[in-house]
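K.L.:
need a 3D model of the following:
(one chain, ligands or ions: 2)
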Amino acid sequence: MMNVVMLSPGFPAEMPWFALGLAEVGAHVIGIGEQPEAMLPEATRRALDVYVQVGSLWDEAAMTEQLRMIGRRVRIDRIECLWEPGVMLAASLRERFELPGMSVEQATLFRDKEAMKRRLDDAGIRTPRHAVATDGGEIRAAAEQIGFPLIVKPVAGAGSADTHRVDDAKALERVIPRVRHVAQLSVEEYVEGEEFTFDTICAGGDVLYHNVAWYRPKPLLARTIEWSSPQTVSLRDPDRADLAPGVRMGHEVLRALGFDTGFTHMEWFLTPDGEAVFGEIAARPPGARSVDLMNYACDFDSFTGWAEAVCHGRMSAPWSRRYNAAVIFKRAKGSGRIARIEGLERLVARYRRNIVCVDLLPVGAPRRDWKMSLISDGFLIVRHPDFTATLDMADRIGTDLRLFAS
Ligand SMILES: Nc1ncnc2c1ncn2[C@@H]1O[C@H](COP(=O)(O)OP(=O)(O)OP(=O)(O)O)[C@@H](O)[C@H]1O
Ligand SMILES: [Mg+2]
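P.N.:
Ligands and ions are numbered 1, 2, ... in the order given. Here you go, the predicted model:
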């Protein structure tokens, strides 16, 4: 029996299913998190053998003590965390208890966007021209060297927060005061083109499963334009010829960073010339229902697939790429509470066989902050074997499904 400690098993939304995956492959699952046990999602409670509530996951001394106490009762075999802020913590605790899995040095390459790109540059991988900056002077110097248009973003960013496209020196002066609160910034060449992901489940350095998803539009635009209905489309054919440079790069990146076992989520650009340019990579699954998309596209359970890869070094359940799967995020017009939803019945009647999930805020619920979460006021998921048909449906849901708040 393998004893796996999972940090934050109840949050974010996908974690309960990963916890269940671990239980499914026979692991004894020990959850540590900040939520009171009674507040854990039902699936998490089903998955866990033991739950330890802590005041703060980020108090490393207290966490170490907790793990010591657990270690007196059971042998801890692995520590896992699939939530971005906890990836470094899990690595640090692993080192302390001499457990297998990603070290702090390796995890840093997945978290620090400058260290990441330097390592990839050394491996000959095409990254955007980049420099690190800590104040206005350094940002200006970096801009001088990189040229416009450029991107200014946090070295340890998430969710496109504090990320700015800057087109000229005048705009740069407007951005500098707005990023003053960010200690370490990355300044990058702005890369034109479409944005894709390359996501994997690996074991022992081998890629057991890969997924390519297309962001429509690019995440930075999705976060800037409120009236849009952003989509993520998991592709039935990730081995399409035009995507080959990105998939090849994905494998090279994993090798260059020495990734061994677990989930990875890389973002990359496909330029109008057909060149792949690296964006970023994280040692965790993508969020915003992208794992569900993989499951809908391949008719499998990648939560359990990940758990099996982590615990047993393989993924034995059969799967095949049968569909393109798209999630469409909706934002209500107006502010306050959801007042009405228009167009849903007609869309459901029309695409009955293809809509696999409807998860919209109900009438009366307060709107979510669309800048804080791509999920926004809810989403639909559709799937179809044909790529164009998938995009048509997704676009139709983008325009014809309307939420209003007041
Ligand atoms: N060099 C670049 N050229 C063009 N666009 C960029 C560049 N860097 C970032 N972006 C845009 O900004 C978005 C956010 O940047 P990035 O993915 O590096 O940060 P993040 O905040 O960690 O992302 P996430 O939203 O995935 O958590 C990207 O998805 C992309 O749309
Ligand atoms: Mg990103």
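K.L.:
can you show me the helices along the stretch 101-250 of the chain?
P.N.:
104-111, 113-122, 136-146, 169-178, 219-222, 244-256 (DSSP state H, counting those that start in this stretch).
K.L.:
next structured bit after the longest one?
P.N.:
Stepping forward along the backbone from helix 244-256, the first helix or strand reached (DSSP states H and E) is strand 262-270.
K.L.:
by contact count, what packs against that next one?
P.N.:
strand 194-203, helix 244-256, strand 276-282, helix 302-312 (3 or more Cβ pairs under 8 Å, 6 or more residues apart in numbering; DSSP states H and E). Glycine gets a C-beta too; all of them are placed from N, C-alpha and C.
K.L.:
and the ones you listed as CSV, adding mean neighbour count, mean pLDDT and distance to G86?
P.N.:
Converted to CSV, the helices and strands packed on strand 262-270 look like this (neighbours: other Cβ atoms under 10 Å; pLDDT from 0 to 100; distance: least, Cβ to Cβ, whole Å):
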stretch, mean neighbour count, mean pLDDT, distance to G86
strand 194-203, 23, 98, 19
helix 244-256, 18, 98, 21
strand 276-282, 22, 97, 12
helix 302-312, 24, 97, 15
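K.L.:
export the ones you listed to TSV and tack on distance to ligand 1?
P.N.:
Shown next, in TSV, are those (distance: least, Cβ to the nearest ligand atom, whole Å):
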stretch	distance to ligand 1
strand 194-203	5
helix 244-256	14
strand 276-282	4
helix 302-312	19
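K.L.:
S228 and Y215 touch, don't they?
P.N.:
No. Between S228 and Y215 there is no contact under Cβ atoms under 8 Å: 11.5 Å.
K.L.:
overlap of the contact sets of the two?
P.N.:
A222 (Cβ atoms under 8 Å, 6 or more residues apart in numbering).
K.L.:
so which of the helices of the stretch 101-250 of the chain is nearest I397?
P.N.:
helix 219-222 (15.2 Å; Cβ to Cβ).
K.L.:
and that closest one, what's buried?
P.N.:
By neighbour count with 16 or more other Cβ atoms under 10 Å, helix 219-222 contains the buried residues 219-220, 222.
K.L.:
what does that helix contact?
P.N.:
For helix 219-222, the surrounding residues in contact (Cβ under 8 Å, 6+ apart) are 160, 163, 165, 195, 215, 228, 230, 267, 329, 374.
K.L.:
anything in that helix near ligand 1?
P.N.:
Yes. Using Cβ under 6 Å from any ligand atom, helix 219-222 reaches ligand 1 at 219-220.
K.L.:
all helices of the stretch 301-406 of the chain, in order?
P.N.:
302-312, 344-350, 387-400.
K.L.:
verify the stated contact: S160 with P230.
P.N.:
No. Using Cβ under 8 Å, S160 is not in contact with P230; the gap is 11.1 Å.
K.L.:
picking up where we left off before, just the buried residues of the contacts of helix 219-222.
P.N.:
Members of those classed as buried by 16+ other Cβ under 10 Å are 160, 163, 165, 195, 215, 228, 230, 267, 329, 374.
K.L.:
for the second one, grab phi and psi.
P.N.:
Per-residue torsions, T163: phi -110, psi 130 (degrees, to the nearest 10).
K.L.:
redo the helices and strands packed on strand 262-270 as a markdown table? Include distance to G334.
P.N.:
Below are the helices and strands packed on strand 262-270 laid out as a markdown table (distance: least, Cβ to Cβ, whole Å):
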| stretch | distance to G334 |
| --- | --- |
| strand 194-203 | 29 |
| helix 244-256 | 39 |
| strand 276-282 | 34 |
| helix 302-312 | 36 |
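K.L.:
the ones you listed: which one's closest to Q35?
P.N.:
With Cβ to Cβ as the measure, helix 302-312 is the member of the helices and strands packed on strand 262-270 nearest Q35 (19.3 Å).
K.L.:
quick one: that closest one to strand 194-203, angle?
P.N.:
If you take axes from the mean of the first three to the mean of the last three Cα atoms, to 10 degrees, helix 302-312 sits at 40 degrees to strand 194-203.
K.L.:
where in this structure is pLDDT low?
P.N.:
Scanning the chain for pLDDT under 70 picks out nothing.
K.L.:
near ligand 1, which residues of it are found?
P.N.:
So the chain meets ligand 1 at 128, 151, 153, 157-161, 163, 188-191, 195, 218-220, 267, 279-280 (Cβ under 6 Å from any ligand atom).
K.L.:
before we move on, back to that, name the pair among the buried ones among the contacts of helix 219-222 with the greatest separation in space.
P.N.:
Across the buried ones among the contacts of helix 219-222 (Cβ to Cβ), the longest gap, 21.1 Å, separates R165 and F329.
K.L.:
which residues does A13 contact?
P.N.:
287, 289.
K.L.:
rewinding a little: kindly reformat the helices of the stretch 101-250 of the chain as a markdown table containing distance to E65.
P.N.:
Below are these laid out as a markdown table (distance: least, Cβ to Cβ, whole Å):
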| stretch | distance to E65 |
| --- | --- |
| helix 104-111 | 19 |
| helix 113-122 | 30 |
| helix 136-146 | 40 |
| helix 169-178 | 40 |
| helix 219-222 | 39 |
| helix 244-256 | 35 |
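K.L.:
fine by me, we can end here.
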